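Peer 1: Return a 3D structure for these sequence lines:
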Amino acid sequence: MASIEISSTQQTSNEQMQKSTDKNTVFPCSECGKSFNRQDSLLRHQRIHTGEKPYHCLECGKSFNHQSNFHQHQRIHTGEKPYHCPDCGRSFNHRTDLNTHRRIHTGEKPYHCQDCGKSFSRQNQLSIHRRIHTGVKPYYCSYCEKTFTTQSNLKTHLLVHTGEKPYHCPECGESFNHRTDLNTHRRIHTGEKAYQCSDCGKSFTNGSNLKTHQRIHTGEKPYHCPECGSSFNLQTTLTKHQRIHTGEKPYPCPDCGKSFRRQNTLQQHQRIHTGEKPYHCPECGSSFNLQTTLTKHQRIHTGEKPYHCPDCEKSFKQLITLQRHQRIHTGEKPHYCSECEKNFRHSSTFKRHKCTKSRNQSRF
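Peer 2: A predicted model of the protein is given here:
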């Protein structure tokens, strides 16, 4: 166990110290004028001015000006944690730490922000929070000069510059620069899906995926296009949509140079060059380069016709076939010949018409 060594100065002071029997006796500090009703309290206070630290730890050499502080320090070496939480059994080496911990169970938040009214269970949490209002960012990155409100945020940011990934997955060895990312990743191995949707019961490995999923039920679309006002439930979907307005096509084909707005569209296109047809029909073995093409093909075997005409109740295997059919009811003829000003219901009829016109003109 750690030992205590008291200096000879302290021993002499203790021998000389006499407790006052007169309640009206006052002991003033000659340095700062503060007064005490006990001489031993004055002596302890004066160590602030003298810098005296008479209590020495023989384990590590550290010194203290109060015996109570020394006793608390000794628990680092002994491992003693005498303060126990009656709610969960957790132990602490300081009473103040126990009192702070118990607020988890009681819900007490005694520290209030005067600016917004938000409450906190710890004083340091309030101090950090108030930087939102004051704008103070005392932690500075020496690489890029970016500043942060908390030291932990700075440490996390520094990993961007150092490339350090200190959190390693014991299952597969993959490394991460955030502990939360590691915890989320490990659910791949454990199969744990701790975040459950209260509407449909579907579970997710992380809270952000659950939040995104819940927009299906709420209909929330928080991402708005400034060009046309369209709304989307995902930031990535908005980004893809905006390329319609900007004309940006950031995914070029390395074989023919054609560019695409979406990466998955590029991947589908590349199958033209590679000849890859990864989607196979289990009925006849035919292969296709798109999942949608396979789905349409399988209706040959199943006889399914999921697209119904609301006017005559006729059904079709493909949506485009239904759309062409509906022109019978609407009278729409979208294909226009600029030479003879005739309109046609189907593109195939329009193309045949143009060929006839061209042949007639070539005779003269």
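Peer 1: Give me the buried positions along the strand or helix carrying H49.
Peer 2: With secondary structure defined by DSSP states H and E, H49 is part of helix 39-50. For helix 39-50, burial by neighbour count (16 or more other CB atoms under 10 Å) applies to Q39, L42, L43, R44, H45, Q46. C-beta here means a position set from N, CA and C on the backbone, and glycine is covered the same way.
Peer 1: Same list (those) but as a markdown table, adding distance to I216 and pLDDT.
Peer 2: As requested, the buried residues of helix 39-50 are arranged in a markdown table below (distance: CB to CB, whole Å; pLDDT from 0 to 100):
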| residue | distance to I216 | pLDDT |
| --- | --- | --- |
| Q39 | 74 | 89 |
| L42 | 70 | 89 |
| L43 | 71 | 88 |
| R44 | 65 | 87 |
| H45 | 65 | 88 |
| Q46 | 69 | 89 |
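Peer 1: Out of these, which comes closest to K62?
Peer 2: Comparing these against K62 with CB to CB picks out R44 as the nearest, at 18.3 Å.
Peer 1: for this protein, where's the lowest mean pLDDT among helices and strands?
Peer 2: Averaged element by element with mean pLDDT, DSSP states H and E, the chain has its least confident helix or strand at helix 8-16 (a mean of 45).
Peer 1: Hmm, H161 is touching K146, no?
Peer 2: No - contact between H161 and K146 fails when scored by CB atoms under 8 Å: they sit 10.1 Å apart.
Peer 1: Show me which of those two is the more surrounded one.
Peer 2: Neighbour tally, H161 and K146, criterion other CB atoms under 10 Å: the higher count belongs to K146, 14 against 11.
Peer 1: Make sure that one is actually in contact with H157.
Peer 2: Yes - at 6.6 Å, K146 counts as touching H157 under the criterion of CB under 8 Å.
Peer 1: ok, which stretches of the stretch 1-150 of the chain are strands?
Peer 2: With DSSP state E, counting those that start in this stretch applied, the stretch 1-150 of the chain shows strands at 4-6, 27-28, 35-36, 55-57, 63-64, 83-84, 91-92, 111-112, 119-120, 139-140, 147-148, listed in chain order.
Peer 1: Could you do the stretch 201-350 of the chain as well?
Peer 2: 203-204, 223-224, 231-232, 251-252, 259-260, 279-280, 287-288, 307-308, 315-316, 335-336, 343-344.
Peer 1: can you redo these as JSON lines with mean neighbour count?
Peer 2: Converted to JSON lines, the strands of the stretch 201-350 of the chain look like this (neighbours: other CB atoms under 10 Å):
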{"stretch": "strand 203-204", "mean neighbour count": "16"}
{"stretch": "strand 223-224", "mean neighbour count": "14"}
{"stretch": "strand 231-232", "mean neighbour count": "16"}
{"stretch": "strand 251-252", "mean neighbour count": "14"}
{"stretch": "strand 259-260", "mean neighbour count": "16"}
{"stretch": "strand 279-280", "mean neighbour count": "14"}
{"stretch": "strand 287-288", "mean neighbour count": "16"}
{"stretch": "strand 307-308", "mean neighbour count": "14"}
{"stretch": "strand 315-316", "mean neighbour count": "16"}
{"stretch": "strand 335-336", "mean neighbour count": "14"}
{"stretch": "strand 343-344", "mean neighbour count": "15"}
